[in-house]
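Engineer: Sequence and predicted structure below; questions after.
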Amino acid sequence: SQQGEEDPQALSIQEGENATMNCSYKTSINNLQWYRQNSGRGLVHLILIRSNEREKHSGRLRVTLDTSKKSSSLLITASRAADTASYFCATLTSGTYKYIFGTGTRLKVLA
Amino acid sequence: AAGVIQSPRHLIKEKRETATLKCYPIPRHDTVYWYQQGPGQDPQFLISFYEKMQSDKGSIPDRFSAQQFSDYHSELNMSSLELGDSALYFCASSLSDRGEWTEAFFGQGTRLTVV
């Protein structure tokens, strides 16, 4: 990956459980965004968190950002089979016009 | 709401041919990004444009070039295609607002297959 790692690389859970994915990055950032991608399909935007924010919520999603540790986490609560996908974080490096993606977490939610 | 439009959705080319991918950003968005995603890989940044000027370059081969036009649409030109260029190519757009960027929305991608 150009920027960092996501952890875990793969996660398998039962429907109704919570899923937590972590993302680490290396540079100073302007913002961090999370995306979902179904196999071979487009990147769907989930949530944006700015460098001066620590936590954001959107529906069943909760994102945290720790700029001192250069890390973020995405929590999906009460997961559903339809949440099965790959999840990527992407960071906008400060002073640039480029988003750098993490390696992604493949989430599988079992019905 | 309008989204990022990419065309074509699928493209099959032979080795050494040329391909042109097009991207129409969300209206009023001032920044366009191009990415390449190989099978099982994370998206790799290629190039970006801000207000029609090239702003950043990533791992873009010399055989590739891109530009953004006066109507803000962008094209990625790929020459002397190689088998390894087979990938999903994404375009994204966002808006900068007084130093803060809005969400970067991605198009559905162009799947390029080089045979």
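Structural biologist: Cool, got the structure.

Engineer: First residue to last residue on stretch B:80-92, what's the distance there?
Structural biologist: End-to-end distance for stretch B:80-92: 25 Å, by C-alpha to C-alpha, to the nearest Å.

Engineer: try stretch B:2-17
Structural biologist: 32 Å.

Engineer: That one near chain A at all?
Structural biologist: No. Figure legend: stretch B:2-17 not in contact with chain A (C-beta under 8 Å from any C-beta of the partner chain); closest approach 9.0 Å. Every residue, glycine included, has its C-beta placed from N, CA and C.

Engineer: got the contact list for that stretch?
Structural biologist: B:19, B:21-27, B:80-83, B:89-93, B:105-115 (C-beta atoms under 8 Å, 6 or more residues apart in numbering or on different chains).

Engineer: Only the buried residues of that stretch, if you could.
Structural biologist: B:4, B:6, B:11, B:13 (16 or more other C-beta atoms under 10 Å in any protein chain shown).

Engineer: Make JSON lines out of those residues and add pLDDT and secondary structure.
Structural biologist: Shown next, in JSON lines, are the buried residues of stretch B:2-17 (pLDDT from 0 to 100; DSSP: H, G, I helix; E, B strand; the rest coil):
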{"residue": "B:Val4", "pLDDT": "97", "secondary structure": "coil"}
{"residue": "B:Gln6", "pLDDT": "98", "secondary structure": "strand"}
{"residue": "B:Leu11", "pLDDT": "98", "secondary structure": "strand"}
{"residue": "B:Lys13", "pLDDT": "98", "secondary structure": "strand"}
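
Engineer: For B:Ala112, list the residues it contacts.
Structural biologist: For residue B:112 the amino acid is Leu, not Ala. Counting by C-beta under 8 Å, 6+ apart, B:Leu112 has contacts B:11-13, B:19, B:21, B:78, B:85-89.
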